[in-house]
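K.L.:
I'd like to go over a predicted model; first the sequence, then the structure.
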Amino acid sequence: MSQQRFFEILPGVLSWSTLLAIVILSWIYPVFMAVFIIFFDIYWFLKTLYLSIHLRISYHRMNTNMKVDWLAKLKADPTTNTWDQFYHVLIFPFYKEPYEVIRETFDALIKGNYPMDKFIVVLAAEGRAGDQAQTVAKQLEQEFANHFFKFLITTHPQDLPGEIPGKGSNETWSIKQTKELIIDPLAIDYNKILVSIFDCDTQIFPNYFGILTHTFLTTEDNLHASYLPVPFFLNNIFQAPALARVISFSASVYHMMQQARPHRLTTFSSHTIPFKVLVDVGYYKTNIVNEDSHIFWQSYIHYNGNYRTIPLNYPVSMDANVAPTFWRTMVNQYKQQQRWAWGGVENIPFFMRGFIKNKKIPFKRRFSWAFFYIEGFHSWATNALIIFTLSWLPIAIGGPEFRFSLLSYSLPKVTNMIMNFAAIGILTSAFLGIVLLPPKPIWFKKYHYIWYVLQWMFLPITMIIFGSIPALDSQTRGILGGKYRLGFWVTPKHRESKNP
């Protein structure tokens, strides 16, 4: 078995082995498993408390940053007086997304307070989307091109050899086209270009590029880092059913919390990377589904561990996963989570093989990254199932001798008590879910807040059906390989009238 296949199989083998071991041990050694479940619940409570603290730290930092005029700070700070020498390349890959969705994105962009003459905006269409994408691109060009220094439409050809049709291959094509048609003819210094990759529904807040540029210029060794905002999935949150809202809020809260742990932060979705880095590492991989996280590992290994992700502690707003019907929304939610979880199957083999070959990266860093990254995907696939569905197994299948023991009687009471304490994480998420809501539509009344708090009772369901199960699905596909491997699935964008 090759190293590639071994590490592709590893996440699924670890997850399935854990779940099967719990079932078998609950039957053979119910006392041991009862004690294990109690300690696991205590671990879950402590982890929830730990992450809640980080979440509060991140929220405070973000809230503070949102109140700062970052462009004014750039101009006033003598350490950032070269800010106007830098260009921002903005890549917006799109497939068949509606004109209205992308127009909202561009409308938010031009309302920012950063000088538009520093923007090279690239609308990256997919050739396989046909005339529809070209019509949308031309319409947007006519409406917005004169706002920016340069505006470029690129069309990614379909069926290029060795490519997976998707965001990563489109991004690489568009960046190479930008280099050939704009950057090199104008002789722009590669070290003074920041490339921001945005999903076509990503709406920025007015000070976004101010804080991005300030953070870049005040970061030591700033060309060896990516820069990451907090993705809020809130653009169309009022159109989402309750289950979809909980999933979207949970994702937003998780990514906010991660900003307080930069030593564990990799790139995701919308992010910024120095153009020089992209040239050095050979751009985004064109045969990868989750290119947004993969580019971090490409850079980390290429620079021998001298690379990191810098948190901006500042948000961008993206669409919640909403479809015209409830069931289609649920299917799309599952597919999106499945695609994100596939990142473990793609990234773990890549960086583990890189860690084995590249001895210039200190062993401590290699071990730390490998352990925590693999553990993260293992927890994603197993923890919710262990807590919410398997904790009763020792009582159910542990035999009559255990079933009538004191430990059997105490197990549900102890676990319920611990999990009630762990509900602090749910309460924190519910509070932030209210605070982070965008401007309310006219139909939103005060009593809706009650439902927006009560919706968090669905969290155990979402954690299992839209967390553990799609993660296990992806990891199992990694074990099977071949025709079961995932390709890139484009999340459909859907909007309704803002004021129904």
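P.N.:
Sure, I can see it.
K.L.:
let me know the secondary structure of Arg229.
P.N.:
If you look again at residue 229, you'll see it is Pro, not Arg. Using DSSP: H, G, I helix; E, B strand; the rest coil, the structure places Pro229 in strand.
K.L.:
so it touches Pro315, yeah?
P.N.:
Yes - Pro229 is in contact with Pro315 according to C-beta atoms under 8 Å; the separation is 6.0 Å. (C-beta placed from N, C-alpha, C; glycine too.)
K.L.:
more neighbours: which of those two?
P.N.:
Taking neighbours as other C-beta atoms under 10 Å, Pro229 and Pro315 compare with Pro229 leading, 28 against 23.
K.L.:
what sits against that one?
P.N.:
Tyr208, Leu212, Ser270, His271, Leu312, Tyr314, Pro315, Val316 (C-beta atoms under 8 Å, 6 or more residues apart in numbering).
K.L.:
again, 7 Å this time
P.N.:
Applying C-beta atoms under 7 Å, 6 or more residues apart in numbering to Pro229 gives the contacts Ser270, Leu312, Tyr314, Pro315, Val316.
K.L.:
pull the most distant pair out of the residues you listed.
P.N.:
By the measure C-beta to C-beta, the contacts of Pro229 have their two most distant members at Ser270 and Tyr314, which lie 11.3 Å apart.
K.L.:
quick revisit: which of the contacts of Pro229 fall in helices?
P.N.:
Taking DSSP state H, every one of the contacts of Pro229 sits outside helices.
K.L.:
show me which of Ser270 and Tyr314 is the more surrounded one.
P.N.:
Under the criterion of other C-beta under 10 Å, the comparison of Ser270 against Tyr314 puts Tyr314 first, with 24 against 21.
K.L.:
other residues contacting the strand ranked longest in the chain?
P.N.:
Ordering each strand of the chain by length in residues (DSSP state E) puts strand 308-318 first. Applying C-beta under 7 Å, 6+ apart, the contact partners of strand 308-318 are 58, 61-62, 65-66, 199, 201-205, 208, 211-212, 215, 219, 225-235, 259, 262, 265-267, 270, 296.
K.L.:
buried only: go through those residues for me.
P.N.:
Those of those that meet the buried threshold are 58, 61-62, 65, 199, 201-205, 208, 211-212, 215, 225-235, 259, 265-267, 270, 296, by 16 or more other C-beta atoms under 10 Å.
K.L.:
among those, which are in helices?
P.N.:
Going by DSSP H, the helices hold Ser58, Arg61, Met62, Asn65, Tyr208, Ile211, Leu212, Thr215, Phe296 from those.
K.L.:
ok, now which ones touch the second one?
P.N.:
Listed by C-beta under 7 Å, 6+ apart, the contact set of Arg61 reads Asn313.
K.L.:
go on, the first one?
P.N.:
Residues touching Ser58, when contacts are defined by C-beta under 7 Å, 6+ apart, comprise Met256, Met257, Gln259, Ala260, Asn313.
K.L.:
between these, which sits nearest Thr476?
P.N.:
Nearest to Thr476 among the contacts of Ser58: Met257, at 27.9 Å, using C-beta to C-beta.
K.L.:
so which helix or strand takes in that closest one?
P.N.:
helix 242-258 (DSSP states H and E).
K.L.:
which helix or strand lies directly C-terminal to that helix?
P.N.:
Next in line after helix 242-258, if elements are assigned by DSSP H and E, sits strand 271-274.
K.L.:
count of neighbours near Thr462?
P.N.:
Neighbours of Thr462 (other C-beta under 10 Å): 23.
K.L.:
what does Thr79 give?
P.N.:
For Thr79, using other C-beta under 10 Å, the count is 9.
K.L.:
measure the residue lying closest to it once chain neighbours are set aside to Leu74 for me?
P.N.:
Nearest residue to Thr79 in three dimensions, chain neighbours excluded: Thr218, at 6.2 Å (C-beta to C-beta, 6 or more residues apart in numbering). To Leu74, Thr218 is 10 Å away according to C-beta to C-beta, to the nearest Å.
K.L.:
compare those two and say which is more crowded by neighbours.
P.N.:
For the pair Thr218 and Leu74, the greater number of neighbours falls to Leu74 (22 against 12), based on other C-beta under 10 Å.
K.L.:
I'd say the more buried one and Thr80 touch.
P.N.:
Yes - the pair Leu74 / Thr80 is scored as a contact, 5.0 Å apart, by C-beta atoms under 7 Å.
K.L.:
show me where the protein has strands.
P.N.:
87-94, 119-126, 150-156, 193-197, 203-204, 225-233, 271-274, 308-318.
K.L.:
just checking: what are the partner strands of the second one?
P.N.:
Applying DSSP bridges to the sheet, strand 119-126 is found paired with strand 87-94 (parallel), strand 150-156 (parallel).
K.L.:
what of the fifth one?
P.N.:
On the basis of DSSP bridges, the sheet neighbours of strand 203-204 come out as strand 308-318 (antiparallel).
K.L.:
tell me the angle the partner strand makes with helix 242-258.
P.N.:
150 degrees (axes from the mean of the first three to the mean of the last three C-alpha atoms, to 10 degrees).
K.L.:
ok so, going back, any chance of the ones in helices among the buried ones among the contacts of strand 308-318 in CSV, plus pLDDT?
P.N.:
CSV is the format used below for those (pLDDT from 0 to 100):
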residue, pLDDT
Ser58, 92
Arg61, 94
Met62, 94
Asn65, 96
Tyr208, 97
Ile211, 97
Leu212, 97
Thr215, 97
Phe296, 96
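K.L.:
how about the residues you listed, which pair is most distant?
P.N.:
Between any two of these (C-beta to C-beta), the greatest distance is 22.6 Å, for Asn65 and Phe296.
K.L.:
so Phe355 sits against Ser368, correct?
P.N.:
No - the criterion here is C-beta under 7 Å, and Phe355 misses it with Ser368 at 10.8 Å.
K.L.:
more neighbours, these two?
P.N.:
A count of neighbours by other C-beta under 10 Å puts Phe355 above the other of Phe355 and Ser368, at 20 against 13.
K.L.:
tell me the spacing between that one and Gln134.
P.N.:
For Phe355, the distance to Gln134 equals 43 Å [C-beta to C-beta].
K.L.:
and the nearest residue to Arg56 once chain neighbours are set aside, how many neighbours does it have?
P.N.:
Among residues not flanking Arg56 along the chain, Thr428 sits closest, at 7.3 Å (C-beta to C-beta, 6+ apart). Thr428 has 19 neighbours, counted by other C-beta under 10 Å.
K.L.:
report the contact partners of the residue nearest to Tyr373 when sequence neighbours are not counted.
P.N.:
Of all residues not flanking Tyr373 in the chain, Ile348 sits nearest, at 6.8 Å (C-beta to C-beta, 6+ apart). Counting by C-beta under 7 Å, 6+ apart, Ile348 makes contact with Phe7, Leu10, Pro11, Tyr373, Ile374.
K.L.:
just to revisit the earlier point, so which of the strands paired with strand 119-126 is the most surrounded?
P.N.:
strand 87-94 (a mean of 24; mean count of other C-beta atoms under 10 Å).
K.L.:
in stretch 348-362, which residues are buried?
P.N.:
Ile348, Pro349, Phe350, Phe351, Met352, Arg353, Gly354, Phe355, Ile361.
K.L.:
could you list the low-pLDDT ranges of the protein?
P.N.:
403-404, 406-407, 409, 419-425, 496-500 (pLDDT under 70).
K.L.:
in it, which residue sits furthest out from the middle?
P.N.:
Glu401 (47.1 Å; C-alpha atoms, centre = their mean).
K.L.:
neighbours around Phe431, how many?
P.N.:
So Phe431, with other C-beta under 10 Å, has 13 neighbours.
K.L.:
nothing else from me, thank you.
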